[in-house]
Structure formats: structure tokens, C-alpha cells
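Chemist: build the 3D model from these lines:
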Amino acid sequence: MAKSNVVKYRRTGFSIGSVLFVIILLYIVFVSVHFLRKEHITIYEVNEKQIYDDNTTIGIAIRKEEVYNAEKAGYVGYYNSNASKVSKGSTIYTIDPSGTYKDKLEGSGDSSKVSAQNISDIRSKIKSFNIDFNYSDYSTVYNFKYSVESSVLSLVSDTMITQLQNSAGNAGDKAFSLYNANNTGIITYWTDGLENLDESSINEECFVEENYQKNTHKTSDSISVGDAVCKVVTDEKWNIIIKLDEKQKQKLEDKDMVRIRFIKDNLETTVPFTLFNVEDNDYANISLDKYMIRYIDDRYIKLELILNSAEGLKIPVSSVLEKNCYIIPADYLTKGGDSGKDMLVYEVTNKDGSKSAVNIDSFAYKDDEYVYVDALLLQPGTSICKPSSEERFSVSEIKAIKGVYNVNEGYCQFKHIEIIYENKEYCIVKKDTPYGLSVYDHIVVNPDIIDEDDIIY
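Modeler: Okay, the predicted model is just below:
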């Protein structure tokens, strides 16, 4: 039998394909890690806004509040909706020592007196509450319940009062008592012990809300002699006292009017005020002649003092950078080309000693007096030619101008800005300026990680 010439080789396990795969995999991992670790460019869309200092403060509402205290113990009943107007001499509450007051109310109401409009008003109140309800402030549910209850009672109050008077008279029940308003005003069903607070009695502890206690009163509450039952605000004019820090005081010292914004509903108004000092603390007493009923259920009112404001293009402070530029008189500009575009002409010395003219039409900014040219585009001492003249201007003075990187075209372009207002986070710049920004422009928020002319897309 003939021997076979075939020689068997052992597999070494080496494969060029496997090596290439590993190299490609490592490259992908390296690029991915580099991309993830790299700080990314953040883009901001310019918009037109009004901005003002953050001078948020808490004020204490001071009103002419007449508190009604119980003359006897028993169960209280109300006949007017909260924050409604009551006339002098009208019945505003009753006290029933027997405890049968609620049953008498339910049996004496005449539903025929309730109109479709009355029902519609209550439905609107329920709908409004449903829209504004916030689960983080669940206590408003109880205030709403008492408000609706008072509203329903007020619809049939005249009929109930008459029937209750007759019922008490027929039974000889002299203990059942009705109480009338001493003055015309707005009734409300809460007290806090600060009803007599005024400018002379204000102090630093009044602004510690942790110590504040607001007591809400409702129909069928059991009360003792001397307990607060309700109160009537007898004047539309009211005041808000705020505590001032040193900066706020300095800004207000030369004024007698200030613009304020109610944080609760963003209402803004301009109001007069006076400054005063108590125990080395500075305060402002803000006077108002409207909106009292709007905030009648608030003792502490969150306000924003609009002391400095500006309107224009809003951009982040972090997007602002500075560019060093040579300052060149504007009368050295000349018109060039078919487009008649502004440009500067400067001289350069060739290797053979001859001179030639070079045009530049890229400016960082230009105003009526000067042209601002990026200092990287010219050498110190470059001689700028004046049109139709032998005069020359040697560049030397450098000025830093503020701007941002505009990326509308997919790469960074420096745009000059004129800041008219600035706070910690944002600034307002003039709109419609030459070489400047426009609404809806896109700018770089973090320009320190990119350079001018870099492509970002």
C-alpha cells in the first residue's frame, strides 16, 4: 500500500479576521468613552423677555378688621358666604346653646328661593376649585367646603332668619340669639390675633411664620364666651408691611412709589410706600386702595419688588465671552466691490521690500466712532490706509468687547452684544443692533469649550 504524501498541520488559533474585529471593537469603545466623557455644547434659543431683580419678600397684610366675639356659649351659625359684603344691621351669625341649631336650619330652608343663576354660581366655584386644586396643599379642601357651605346658607338666609326668629319666639326660647353687623364691610370667617397689628406694633417676630396660627370658623362650631366668631373688614384701603435688607432700603430711599408683583397670581401694580425703622430694623409700609378682597384670606403675602427691570433679548450669563479687538477710527472705512460693503485697507510689506494693499471686511463690531477688528487678524503696528488720503493709522490700542457665539449656520460666529441689565443667571441685551443678535438666534451656552469658526454640526 502506497504511503500518503498529505501532511496534517495543527491549527494555531490565529485568525486575521479576529484581530481586525478586536481592533475595530477597541476603536469603537475608545471613541464612545471619549464622546461620553467630553463636555457637550449646550445651545440656547434667544427670546425677547422682560427681566428684573429677584427681590422676593414676605409682607404682612394690615386691614381695618372688626372682630366679633361670642357673648354666650353654644353653637354658631353663619348666613353669608366668605368674603361677601354685609350691610350694617344685617344678621351675620347666630348662637344656639341648645345644640339643635343645625336641625332647625335644615328644616327652615326654602329651596324655592334658589334660582338657576345661584346654582350656576356655585357650580362655577366648584369648577374653579377643581382646576386650581393642588394635592400638596390639601388643607384648601376644608376651606373650600366651608366656603361653599356659607354660600348655600347665604342663598336662603333671609327666609331662614325670619323662620328661626318666629320659631324661637313661639317656643319662648330666649336663649337663641341673632347678631347683626355693626358696620358695612366684607365678612370673613378666620382670625389669627393680628387684627390690631399696625406700624407702631410691628416687630421682627411678626415675620416668623412658624409661630403663626390661623383659626378657621365654620357653621356648627361649639364656642365659649369670648371666643372669636368672625370678623368684618370695614375699609377697602389696606397696607402691606415688608421687612427690608440694606440693599432694598438703599434702592427705595429716593422713591415714593414702587412696582410690586403678587407671587400668588402674578398681579403687578405700582403703589406708594413709606419707610420706617423699628428696633434697628427697616420696613416699608405699602399702601393700597384696591385688591383687598382678592387677598382677604391671606395674612402673609409673598411679593416681589420690581426695583430694576429691562426689556430686550434674554440670554444666559454663561454664554457671554470677550474678544480682544483693535480700535480703528470709523473714518478709515471705505466702500469696496460691487456690493459697496464697508472695509478697511491696510498695507503689508512684501519680501522684496515693496508694499501692497490688503482688504479686510470682517469686523467684530462697528459704531459711529470706531471699527473693532479681531486682534488675531492684524499684527501690532499694522498701518491702516485712510481713503483718498496719505494718512495712516497704526493699530495698537486693544479693547475687549462682549459677545456670544451664534451657531445659526452650523459653526461659531462671534456676535457683539450690548448688555442693559444683568442678574445672577440671565442678562438682557439690546435688540436690533448692528453685528448683534435677533430673536430666535441660537447661541452657545458654554463657549469656553469651543472656539470661533468651529463646526458644531
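Chemist: residue 271 - how many residues pack around it?
Modeler: Neighbourhood size, residue 271 [other C-beta atoms under 10 Å]: 16. To be clear about C-beta, it is placed using only N, CA and C from the backbone, and glycine gets the same treatment.
Chemist: where along the stretch 101-250 of the chain do the helices fall?
Modeler: Applying DSSP state H, counting those that start in this stretch to the stretch 101-250 of the chain gives helices spanning 101-108, 116-132, 140-155, 157-170, 246-252.
Chemist: same for the longest one, what does it pack against?
Modeler: Using 3 or more C-beta pairs under 8 Å, 6 or more residues apart in numbering; DSSP states H and E as the contact criterion, the elements in contact with helix 116-132 are helix 140-155.
Chemist: can you list the weak-confidence ranges in the stretch 351-457 of the chain?
Modeler: Residues of the stretch 351-457 of the chain that meet the criterion pLDDT under 70 lie in 457.
Chemist: can you show me the helices along it?
Modeler: Counting by DSSP H, counting those that start in this stretch, the stretch 351-457 of the chain contains no helices.
Chemist: all strands for it, in order.
Modeler: All strands of the stretch 351-457 of the chain, identified by DSSP state E, counting those that start in this stretch, fall at 355-360, 365-366, 370-374, 383-385, 392-394, 398-406, 413-416, 419-422, 426-429, 442-444.
Chemist: list the buried residues for stretch 248-265?
Modeler: By neighbour count on 16 or more other C-beta atoms under 10 Å, the buried set for stretch 248-265 is 248, 251-252, 258, 260-262.
Chemist: let me fix that: stretch 87-100
Modeler: Residues 90-96 are the ones in stretch 87-100 that count as buried (16+ other C-beta under 10 Å).
Chemist: so can I have TSV of those residues showing pLDDT, secondary structure and distance to residue 380?
Modeler: Shown next, in TSV, are the buried residues of stretch 87-100 (pLDDT from 0 to 100; DSSP: H, G, I helix; E, B strand; the rest coil; distance: C-beta to C-beta, whole Å):
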residue	pLDDT	secondary structure	distance to residue 380
90	88	coil	88
91	87	strand	91
92	90	strand	86
93	90	strand	88
94	87	strand	93
95	89	strand	93
96	85	strand	96
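Chemist: nearest to residue 238, of those residues?
Modeler: Comparing those against residue 238 with C-beta to C-beta picks out residue 92 as the nearest, at 20.6 Å.
Chemist: burial of residue 428, as a residue count?
Modeler: The tally of other residues near residue 428 (other C-beta under 10 Å) stands at 24.
Chemist: what sits against it?
Modeler: 49-51, 310-314, 419-422 (C-beta atoms under 8 Å, 6 or more residues apart in numbering).
Chemist: and those residues, which two are furthest apart?
Modeler: 50 and 419, at 15.0 Å, using C-beta to C-beta across the contacts of residue 428.
Chemist: compare those two (neighbour count), which wins?
Modeler: Taking other C-beta under 10 Å, residue 50 and residue 419 do not tie; residue 419 has more neighbours (15 against 12).
Chemist: for residue 412, see how far away that one is.
Modeler: Residue 419 sits 20 Å away from residue 412 when distances are taken as C-beta to C-beta, to the nearest Å.
Chemist: for residue 345, same thing?
Modeler: Taking C-beta to C-beta, one finds residue 345 at 27 Å from residue 412.
Chemist: and if you look at residue 267?
Modeler: The gap separating residue 267 from residue 412 is 43 Å, by C-beta to C-beta.
Chemist: now residue 298
Modeler: The gap separating residue 298 from residue 412 is 50 Å, by C-beta to C-beta.
Chemist: and the two? Which one has more around it.
Modeler: residue 412 (21 against 14).
Chemist: you'd agree that one is up against residue 452?
Modeler: Yes. Contact status for residue 412 versus residue 452: in contact at 5.0 Å, counting by C-beta atoms under 8 Å.
Chemist: list residues touching both of the two?
Modeler: Common contacts of residue 412 and residue 452, defined by C-beta under 8 Å, 6+ apart, comprise residue 405.
Chemist: what ranges in the protein fall below the confidence cut-off?
Modeler: Where the chain drops to pLDDT under 70, the residues are 1-14, 33-39, 100-118, 121, 132-175, 337-339, 457.
Chemist: state the phi and psi torsions of residue 440.
Modeler: When read as degrees, to the nearest 10, the backbone of residue 440 gives phi 80, psi 0.
Chemist: er, residue 183 actually
Modeler: phi -150, psi 160.
Chemist: and the closest residue to it other than its chain neighbours, what does it touch?
Modeler: Nearest residue to residue 183, sequence neighbours excluded (C-beta to C-beta, 6 or more residues apart in numbering): residue 234, at 4.9 Å. Applying C-beta under 8 Å, 6+ apart to residue 234 gives the contacts 64-66, 183-185.
Chemist: now residue 57
Modeler: Neighbours of residue 57 in contact, by C-beta under 8 Å, 6+ apart: 242-244, 248, 302-305.
Chemist: how about it, phi and psi?
Modeler: phi -150, psi 170.
Chemist: how near is it to residue 247?
Modeler: The gap separating residue 57 from residue 247 is 12 Å, by C-beta to C-beta.
Chemist: residue 330 too?
Modeler: Distance of residue 330 to residue 247, given as C-beta to C-beta: 40 Å.
Chemist: now stretch 325-337 - C-alpha only, PDB.
Modeler: Only the C-alpha atoms of stretch 325-337 are listed here, as PDB (Å, rounded to 0.1, in the frame of the first residue of the first chain):
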ATOM      1  CA  CYS A 325     -10.100  93.900  19.300                       C
ATOM      2  CA  TYR A 326      -8.100  96.700  17.800                       C
ATOM      3  CA  ILE A 327      -9.900 100.000  17.800                       C
ATOM      4  CA  ILE A 328      -9.700 101.800  14.500                       C
ATOM      5  CA  PRO A 329     -11.400 105.200  13.700                       C
ATOM      6  CA  ALA A 330     -14.500 104.800  11.600                       C
ATOM      7  CA  ASP A 331     -13.400 107.400   9.100                       C
ATOM      8  CA  TYR A 332     -10.800 104.900   7.800                       C
ATOM      9  CA  LEU A 333     -13.600 102.800   6.400                       C
ATOM     10  CA  THR A 334     -14.000 102.700   2.600                       C
ATOM     11  CA  LYS A 335     -16.500 101.100   0.300                       C
ATOM     12  CA  GLY A 336     -15.300  98.200  -1.800                       C
ATOM     13  CA  GLY A 337     -16.500  95.900  -4.600                       C
END
